[in-house]
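Trainee: no sequence on this one, just coordinates:
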Ligand code: NZQ
Ligand code: ZN
C-alpha cells in the first residue's frame, strides 16, 4: 500500500429534516448574503425551494439567485453565477440540486476569488487546478445521488462549441457542509435515479480496478459498498419512496468519492471509463451515468484480453461482488461481466451505444478526443486505437 493523506473537510448533515440547520450553519460560516443556485426548476416543483427561503428568513439571510443550470453544466452558467455573486455582494454560495448544479457552484466559488478568466482554473499539468488559491464558502443541498460532488473536491464543466468536459479539482473546493436528506431524492425521475446508480458503481469500480492490490482494507470496503448498491437500486425501482433504499444509495454516492478513500494507497487516479464517457456526453449531451454503464463491460473484456495478469482481479470482482461461484478465473470473470450487464439491464440502462443513439461514424472522433491529453488507463494503457476498440465493442 502506498503512502496517503486522508481528510474529508466537508461536514455531512445526513437524514430527514436536516434542513433545519441550514440558516444558522450558513451564518456560522460567515454568510450573510447567499447566492442560491439551482437547475431547471425541480426544487420549485417538489417544495424544497420554499423550505430554503423559510430557513433564510428565520436566520435573517439575504439572497440572490442563479437558476437554469443544465445537466452537463455549461461554462456560461458559471460565468453568469460569478456576475450575479459579485453584482449582489454575496459572501456565501448554496448549491441545491444534483452534480451539475454542485459542480457549477464549485467553479463559481473559485471564479469569484480569481481576477482572470475562469477557464484558467481547470486542471493543469500538475494534476490539480493549481491556480486556485482561494474560494468563496460553499454549501450544498443534494437532491439527486450519483456524482459524489457533495463530499468531494472536483467539478466537471462543459466548455466551448465542441462541449469538451473540463475539470476543476482542488482541496479548497470541498463544500463547507452538505445536507443529505434522502427524502429530497424521491422525485428524481427513474432514468436519472438509475443513471446515478450506474455512476456510483463506476466510481467504485474504477478505484477497485486501479492496481496495487496491497490495499486490502480499501478494496474490501469498496466491495461492501458495491454490493450494497447492487442490492438497494432495485428497491428504488420498485418503490421510489423507499426511504432506506434512497438513504443507502445517497450515502454510497458520497462515500464513493469522499476523499477518494477507496483509491488511497494506489497509484494515480486515471478513471479511463470517465475519460471515454465524457466524450459521449460531449457529442450527444448524454446523461453521465448512462455513458459509464454503456462502456464498462466492453472495457472489462478489452482489459482482460490485454494480459493474463489482469484476470485475477476481474475474477475476484466476480466472486466477491457479483457472487459468482466458479473456480476457473477466466470463466468466473466473464460470468461476473454478464451479471453486471444483467444488472444494467434491470436498472433500464440502454443495452449498447447503438440503442443509446450513437452513430458509428462518430466513434473515431470520440476515441481521438478521449485521449487528446494523453493515454487513459488503469491496468492497461488506452490510446486512440484501444478507445476505439472499446467503443466498437460497446456499439
Ligand atoms: O435541473 P433540475 O430541474 O433540478 O433537474 C435535474 C436534472 O434534470 C434532475 N433532478 C435532480 N434532482 C431532482 C431532479 N428532478 C426531480 N427531483 C429531484 N430531487 O435530474 C437531472 C439531472 O441532474 P444532474 O445534476 O445533471 O445529474 P448528476 O447528479 O448525475 O450530475 C451529472 C454531472 O456531474 C458530473 C457529470 O460529468 C455531469 O456533468 N460529475 C461530477 C463529478 C464530481 N463533481 O465529482 C464526478 C462524476 O463522475 C461526474 O463526472
Ligand atoms: Zn462519474
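Mentor: Here it is on my side, so go on. All values derive from a computational prediction rather than experimental measurement. Ligands and ions are numbered 1, 2, ... in the order given.
Trainee: switch to C-alpha atoms for all contacts and neighbour counts from now on
Mentor: Noted.
Trainee: my guess is residue 92 contacts residue 140, does it?
Mentor: No. Using Cα atoms under 8 Å, residue 92 makes no contact with residue 140, being 11.0 Å away.
Trainee: who has more neighbours, those two?
Mentor: residue 140 (29 against 23; other Cα atoms under 10 Å).
Trainee: beta partners of that one?
Mentor: Bridge pairing for residue 140 (DSSP bridges) gives the partners residue 95, residue 178.
Trainee: Which positions in this protein make contact with ligand 1?
Mentor: The chain comes close to ligand 1 at residues 39-42, 70-73, 97-101, 103, 143-144, 146-149, 152, 154-156, 184-185, 187-189, 192, 196, 288, as judged by Cα under 6 Å from any ligand atom.
Trainee: Please pick the buried ones from those.
Mentor: 39, 42, 71-73, 97-101, 103, 143-144, 146-149, 152, 154-156, 184-185, 187-188, 192, 196, 288 (16 or more other Cα atoms under 10 Å).
Trainee: Filter those down to the ones in strands?
Mentor: Here DSSP state E is the test, and these give 97, 154-156 as lying in strands.
Trainee: Which residue, neighbours along the chain excluded, lies closest to the residue nearest to the spatial centre of the chain?
Mentor: Centrality entry for the chain: nearest residue to the mean C-alpha point is residue 147, 2.3 Å, by Cα atoms, centre = their mean. Once flanking residues are discounted, residue 147 sits nearest to residue 99: 5.6 Å by Cα to Cα, 6 or more residues apart in numbering.
Trainee: unless I'm mixing things up, the one you found is touching residue 149, no?
Mentor: Yes. Using Cα under 8 Å, residue 99 is in contact with residue 149, at 5.8 Å.
Trainee: about what we covered before: and the ones in strands among the buried ones among the residues of the chain next to ligand 1, which two are furthest apart?
Mentor: Farthest-apart pair in those is 97 and 154; separation 15.7 Å (Cα to Cα).
Trainee: for the closest residue to residue 320 other than its chain neighbours, helix, strand, or coil?
Mentor: Leaving aside its sequence neighbours, residue 320 sits nearest to residue 223 (Cα to Cα, 6+ apart; 6.9 Å). Judged by DSSP: H, G, I helix; E, B strand; the rest coil, the three-state class of residue 223 is helix.
Trainee: Quick check: residue 223 vs residue 28, distance?
Mentor: Separation of residue 223 from residue 28 (Cα to Cα, to the nearest Å) stands at 38 Å.
Trainee: which of these two has more neighbours?
Mentor: Neighbour count, other Cα under 10 Å: between residue 223 and residue 28, residue 223 has more, with 21 against 10.
Trainee: which residues touch the more buried one?
Mentor: 317, 320-321 (Cα atoms under 8 Å, 6 or more residues apart in numbering).
Trainee: give the contact list for residue 29.
Mentor: Contacts of residue 29 (Cα under 8 Å, 6+ apart): residue 137.
Trainee: So for residue 213, what pLDDT did the model give?
Mentor: pLDDT recorded at residue 213 is 67.
Trainee: nope, residue 222 is what I was after
Mentor: At residue 222, pLDDT is 96.
Trainee: same question, residue 138
Mentor: Taking residue 138 on its own, its pLDDT is 98.
Trainee: now the strands: where do they sit in the stretch 251-395 of the chain?
Mentor: Taking DSSP state E, counting those that start in this stretch, the stretch 251-395 of the chain contains no strands at all.
Trainee: Around residue 361, how many other residues sit close by?
Mentor: Neighbours around residue 361, by other Cα under 10 Å: 8.
Trainee: whoops, residue 345 was the one
Mentor: Residue 345 has 13 neighbouring residues, counting by other Cα under 10 Å.
Trainee: Check residue 317 too.
Mentor: For residue 317, using other Cα under 10 Å, the count is 22.
Trainee: How is this protein divided into domains?
Mentor: Here the domain assignment for the chain is 11-184, 190-394, based on the TED database.
Trainee: who wins for proximity to residue 5 among those domains?
Mentor: Nearest to residue 5, of the domains of the chain and by Cα to Cα, is domain 190-394 at 8.1 Å.
Trainee: okay, how far is it across the closest one, tip to tip?
Mentor: By Cα to Cα, one end of domain 190-394 lies 23 Å from the other end.
Trainee: Can you give me the buried ones in the helix or strand where residue 227 lies?
Mentor: Using DSSP states H and E, residue 227 sits within helix 216-238. Using 16+ other Cα under 10 Å as the test for burial, helix 216-238 gives 218-219, 222-223, 225-226, 228-230, 232-237.
Trainee: Kindly confirm my reading that residue 166 is in a helix.
Mentor: No. Under three-state DSSP, residue 166 sits outside any helix and is assigned strand.
Trainee: Quick one: residues contacting it.
Mentor: Residues in contact with residue 166 (Cα under 8 Å, 6+ apart) are 122-123, 156-159.
Trainee: Of those, which is the nearest to residue 171?
Mentor: residue 123 (12.3 Å).
Trainee: Near the closest residue in space to that closest one that isn't next to it in sequence, how many other residues are there?
Mentor: Excluding the flanking residues, the one nearest residue 123 by Cα to Cα, 6+ apart is residue 129, at 4.2 Å. Residues lying near residue 129 (other Cα under 10 Å) number 20.
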